[in-house]
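Student: one predicted model, sequence on top.
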2 protein chains.
Amino acid sequence: MPEYDHHIAVTRDADVFTGDLTDGWLVGGAVNGGYLLSVIGHALAQLVPGKPDPISVSAYYLSAAAPGPATVHTRVVRDGRSVATLAADLRQDGDDRITVLAMYGDLARQPDDVRTTAAPPDLPPLEECVSNSDAPEEVRRTAPLMGRFEMRFDPRHVGWAVGQPSGNGELQAWFRLAEEREPDPISLLTVVDALPPVTFELGMMGWAPTLELTAHVRARPVPGWLRVRHATRNIAGGMFEEDCEVWDAADRLVAQSRQLARLPRSR
Amino acid sequence: MPEYDHHIAVTRDADVFTGDLTDGWLVGGAVNGGYLLSVIGHALAQLVPGKPDPISVSAYYLSAAAPGPATVHTRVVRDGRSVATLAADLRQDGDDRITVLAMYGDLARQPDDVRTTAAPPDLPPLEECVSNSDAPEEVRRTAPLMGRFEMRFDPRHVGWAVGQPSGNGELQAWFRLAEEREPDPISLLTVVDALPPVTFELGMMGWAPTLELTAHVRARPVPGWLRVRHATRNIAGGMFEEDCEVWDAADRLVAQSRQLARLPRSR
């Protein structure tokens, strides 16, 4: 079993699921929010038979989670004909860390018509991109999550790594989980929050805590590399929005997300 | 007091608020989802002293609401230093119609720096736009909500009204509540879901029920007309996303939202 499946594993006791948050997804002292969302999403996938796939997930981040045991307390809000609305709280040491509303269904049973004006990220071929495995040792020490996936950055979007941010508020990269673990709807919840904050490309290098993140999974991804694009347009009131698109190897837009995050304090 | 304030009025008894949903916001037999969100948002505004403004609101629509009495059951999930995370359920006849997570704070106390690459909608002047008051009598009969506001459509985006949809998945209009009731953070929750579904401009004229809508209020609007832009890029699995931006008279992006909606059945 790939490491990712161990990391998001949960055991069920009625409506409460227990997992063990790995220190492998730490970044800057906190457990990555996308990984946490997949742990919650994995628990919710087991709640309603026949509705295993997240279609929409809205997460409100209350406080930072730490490596170690955590429980996911779940509730079926409404089980409808084709979709179910669900709620969950990720709890550690008696405190809620994340509270979630979600809509689950079966993506394989949705109509397969697609009509889109969206285009995949304009990314150079893999071999021309900059690998996260080339990151300096100090970066990988403060961000162990870098070992959980392969990320190949568009060379036009890595100025931040050498003190020359582009200033255009965009980041895009190829993405694949370690051990070539293939993407699925649950792992897409990790992917939408795996890249560095898009504020890096605006020259703000600090941690940008997510306040709210809503992800829509629009299709089941096919096996292979994903392409991920992050963009922000509006910084105001000490917050910014970060829009994310995830495209699969079949050129399909498989996930869209928007998060509202706090600007890094160290500007 | 303007009619809008009567329509969103709620009375409080501990954590439960009671309102009376008006038939004035009906559209196609159901009460408009944006108006319902403002009723809920208005209740939540009274929950935590010093945190009257919605900053992020995520609503999952469970079933259609009808005119008449409704209760809003609220809960403080976490009251933090600058923001509070809140939950609410809008209930009618013993059933939850909408379930909500939200983050509230005080927009007037946020830092006032703005850095943006977003541009206001490219709308012709008011007098060159097409007024909703020119809508045929039959439209206004099936959509009484048209009497609740003034909406002036970009003439390039009204092809749907004469059977010639543009096909580009965009709609934009000037917006103002009736009686020149000025915009505020709570009423922006109405504005993000007041335009016709963007699918009208794709030639799909039916009702497009909202499944999930998340709105971010990014600043307090100044008095005057708002400009609203809706766009969709991706139809897949029988669903589409609808992105909305609301700009105020000071050229400020005051709200952003995205909803996931079901395609109209009558295609």
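Tutor: On my side now, so go ahead. Numbering: from 1, shown residues only, chains lettered A, B, ... in the order given.

Student: so A:R220: helix, strand or coil?
Tutor: coil (DSSP: H, G, I helix; E, B strand; the rest coil).

Student: equivalent analysis for A:I186, please.
Tutor: Taking three-state DSSP as the rule, one finds A:I186 in the helix state.

Student: and it, what does it touch?
Tutor: A:8, A:38, A:41-42, A:45, A:54 (CB atoms under 8 Å, 6 or more residues apart in numbering or on different chains). In this view, the C-beta of every residue, glycine as well, is placed from N, C-alpha and C.

Student: cool, and A:L195?
Tutor: Contacts of A:L195 (CB under 8 Å, 6+ apart): A:151, A:171, A:173, A:175, A:228, A:230, A:244.

Student: ok so the last one is a helix residue?
Tutor: Which is A:C244. No: in this structure, A:C244 is strand, not part of a helix, as judged by three-state DSSP.

Student: kindly provide the distance from it to A:L47.
Tutor: 25 Å (CB to CB, to the nearest Å).

Student: measure A:E182 to B:D53 for me?
Tutor: To B:D53, A:E182 is 43 Å away according to CB to CB.

Student: those two: which has the busier surroundings?
Tutor: The neighbour comparison of A:E182 against B:D53 (other CB atoms under 10 Å in any protein chain shown) goes to B:D53, with 23 against 16.

Student: the more buried one touches B:V217, doesn't it?
Tutor: Yes: using CB atoms under 8 Å, B:D53 is in contact with B:V217, at 6.5 Å.

Student: what sits in contact with each of the two?
Tutor: Counting by CB under 8 Å, 6+ apart, the residues touching both B:D53 and B:V217 are B:107, B:185.

Student: ok, back up a step: show me the contacts of A:L195 that map onto strands.
Tutor: Among the contacts of A:L195, the members falling in strands (DSSP state E) are A:151, A:171, A:173, A:175, A:228, A:230, A:244.

Student: out of those residues, the closest to chain B would be?
Tutor: Lowest distance from chain B to the ones in strands among the contacts of A:L195 (CB to the nearest CB) belongs to A:C244, with 11.7 Å.

Student: need the contact list for the closest one.
Tutor: A:192-193, A:195, A:215, A:228-230, A:255-259.

Student: quick check: which ranges of the stretch 51-200 of chain A have low pLDDT?
Tutor: Nowhere does the stretch 51-200 of chain A drop to pLDDT under 70.

Student: let's have the contacts of A:L195 in a markdown table, adding distance to A:S131.
Tutor: Output for the contacts of A:L195, formatted as a markdown table (distance: CB to CB, whole Å):
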| residue | distance to A:S131 |
| --- | --- |
| A:M151 | 7 |
| A:L171 | 15 |
| A:A173 | 10 |
| A:F175 | 12 |
| A:V228 | 15 |
| A:H230 | 18 |
| A:C244 | 20 |
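
Student: out of those, which is nearest to B:G34?
Tutor: Closest approach to B:G34 among those (CB to CB): A:C244, at 25.0 Å.

Student: can you check the pLDDT for that closest one?
Tutor: For A:C244, the pLDDT comes out at 97.

Student: cool, and the one 3 residues further on?
Tutor: Among the per-residue scores, A:W247 shows a pLDDT of 98.

Student: just the residues contacting stretch A:118-129, thanks.
Tutor: By CB under 8 Å, 6+ apart, the residues outside stretch A:118-129 that reach it are A:152-155, A:172-174, A:225, A:227-229, A:245, A:247, A:251, A:253, B:233-234.

Student: brilliant, that's me finished.
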